[in-house]
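Asks: coords please:
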Amino acid sequence: MVLGSKELIRDINSKLVLETILQNEPISRAAISKKLGLTKATISAIVSDFINDKLVVEIGSDDTVLGRKPILLSFHKKAGYAICVDIEVSRISCMISDLKGEQRSVKQIKTPSESNLIPVLIDLIQSMESEYEKTPYGLIGIAIGIHGVVHQNEVLFTPYYNLNGINLSEQFGSYFGVPVFLENEANLSALGEKAYLPETYTSLANLSIHSGVGLGIILNKQLYTGYHGNAGEFGHTIVVMNGRSCPCGNQGCLEQYASERALLKEYSEDASLDDLLLSYEKKEPKAVEVMEHFINYMAVCVNNLQNTISPEIIIINSAFTNAYPELADMITKKVSNKLIDKIPLIASNLKDHSILLGGITVLVKNFLGIKSLSLGAKNPS
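Replies: Okay, the predicted model is just below:
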């Protein structure tokens, strides 16, 4: 039994009720009462408040039961909307979404110079807001994915696009009047993947391969960021002694060999990522060789993750595995580990949306004051 003031207990119970509705909708008041062990009167009072607050709606009766049909409840996903921005080296992606990550749209623009970043992002966000339907709560918050180190909502280091000294949280917070959350892109990607996995998963490692190589870690259903937010900077683990120079100051870092940027440079100075993928599909020898390098380095990564973190599942998110999911099986076959059973390795189902959906998840949990949010074990196409 939870001891404390009536207000505290009511607040705890309210969050439990909301989480139960989110995880089991559509659900009746009686079913919530049974799941939580709370009285029907308590449930009815809490649900009534949520309906008045436009966070829960009644959607009809349950025709599967005999006798009096109970009214079913559902979370009001259109109570508000959230926005997540992913700032990459060459492009910016922005998603606006309802509170369940279902009704959403995405826009992409070329990354501007650092001096123009704030006004360009403000214009982008406003343009997306203008096209979205009106909701009771409006914009509930903005999340920003950073390809670098973030600690306590502050950018500490970005290797390829200098965001140091730009207070994104303060500037966007004061302009839009909503909470603004900055987080490492791989961490957001991990949170996005977790939200679409079955609730039974309590841990995962999410490899995010773009201009660099990031790692998002979920342990005991919580994001693990380490001291000063440095956990998961997997791209800066050294794989080649005295190897290629890296902007972090070291030599031989993983992302100088296995990132999209490094592999594209190895293939051709002038080619695009699409060129490389098309050439691989045509089995062009140079493209096949580059992809073999990717597979080999990823096998090393997976082996190291199995022996250090040992998560329940490893998810890999890159343009290569997005285009060719079978690469995950090829990587698995390269892993030789007799110490432990092989951990499942899969290509992301969320693909380019994992970072953006992770940001939406962070914002919704903050808005509702809940600890967990499951959006369903499926690909939200």
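
Asks: Show me this structure divided up by domain.
Replies: As assigned by automatic domain parsing, the chain contains the domains 6-75, 79-190+354-368, 198-348.

Asks: Of the ones you listed, which is nearest Leu375?
Replies: domain 79-190+354-368 (5.0 Å; Cβ to Cβ). All C-beta atoms are positioned from the backbone trio N, CA, C, and that covers glycine.

Asks: Quick one: end-to-end length of that closest one, please.
Replies: Distance between the boundary residues of domain 79-190+354-368 (Cα to Cα, to the nearest Å) amounts to 11 Å.

Asks: Please save the CA atoms from the helix or strand where Phe320 lies in CSV.
Replies: Applying DSSP states H and E as the criterion places Phe320 in helix 319-323. The C-alpha coordinates for helix 319-323 follow below in CSV (Å, rounded to 0.1, in the frame of the first residue of the first chain):
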residue,chain,number,x,y,z
ALA,A,319,20.5,3.6,-44.6
PHE,A,320,22.2,0.3,-45.5
THR,A,321,20.0,-1.9,-43.3
ASN,A,322,16.9,0.2,-44.1
ALA,A,323,17.4,-0.5,-47.8
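
Asks: Which elements pack onto it?
Replies: Applying 3 or more Cβ pairs under 8 Å, 6 or more residues apart in numbering; DSSP states H and E, one finds that helix 319-323 makes contact with helix 260-267, helix 273-281, helix 327-334.

Asks: deepest of those, which one?
Replies: Greatest average neighbour count among those goes to helix 260-267 (a mean of 19), per mean count of other Cβ atoms under 10 Å.

Asks: Can you name every helix or strand that it contacts?
Replies: Applying 3+ Cβ pairs under 8 Å, 6+ apart, one finds that helix 260-267 contacts helix 255-258, helix 273-281, helix 285-308, helix 319-323.

Asks: Mean neighbour count, the ones you listed: which tops it?
Replies: Of these, the one with the most neighbours on average (mean count of other Cβ under 10 Å) is helix 255-258, at a mean of 25.

Asks: Show the average pLDDT along it.
Replies: For helix 255-258, the mean pLDDT works out to 94.

Asks: Show me what it is in contact with.
Replies: Outside helix 255-258, the residues within contact range by Cβ atoms under 8 Å, 6 or more residues apart in numbering are 209, 212-213, 235-236, 239-240, 243-246, 261-262, 293-294, 297-298, 301.

Asks: where does that helix sit relative to the chain's centre, distance-wise?
Replies: 23 Å (Cα atoms, centre = their mean, to the nearest Å).

Asks: Give me the distance from the helix holding Phe320 to the chain's centre.
Replies: On Cα atoms, centre = their mean, the centre of helix 319-323 falls 17 Å from the chain's centre.

Asks: Also stretch 293-302?
Replies: Remark: stretch 293-302 is offset 23 Å from the chain centroid, using Cα atoms, centre = their mean.

Asks: Need the helices and strands packed on helix 319-323 in CSV (columns: distance to Ala143).
Replies: Shown next, in CSV, are those (distance: least, Cβ to Cβ, whole Å):
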stretch, distance to Ala143
helix 260-267, 23
helix 273-281, 25
helix 327-334, 27
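
Asks: Please identify which of these is closest to Lys110.
Replies: Closest to Lys110 of the helices and strands packed on helix 319-323 is helix 273-281 (Cβ to Cβ; 14.9 Å).

Asks: which helices and strands sit right next to that closest one?
Replies: Counting contacts by 3+ Cβ pairs under 8 Å, 6+ apart, helix 273-281 packs against helix 260-267, helix 285-308, helix 319-323.

Asks: Report how many residues lie close to the closest residue to Ala31 other than its chain neighbours.
Replies: Leaving out its chain neighbours, the residue that sits closest to Ala31 by Cβ to Cβ, 6 or more residues apart in numbering is Asn24, at 7.2 Å. Here the count is done by other Cβ atoms under 10 Å, and Asn24 has 14 residues near it.

Asks: Would you confirm that Asn24 contacts Leu18?
Replies: No - using Cβ atoms under 8 Å, Asn24 is not in contact with Leu18; the gap is 11.3 Å.

Asks: what's the overlap in contacts for these two?
Replies: Common contacts of Asn24 and Leu18 (Cβ under 8 Å, 6+ apart): none found.

Asks: Is it possible to get TSV of the helices and strands packed on helix 273-281 that adds distance to Gln222?
Replies: Below are these laid out as TSV (distance: least, Cβ to Cβ, whole Å):
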stretch	distance to Gln222
helix 260-267	29
helix 285-308	18
helix 319-323	26
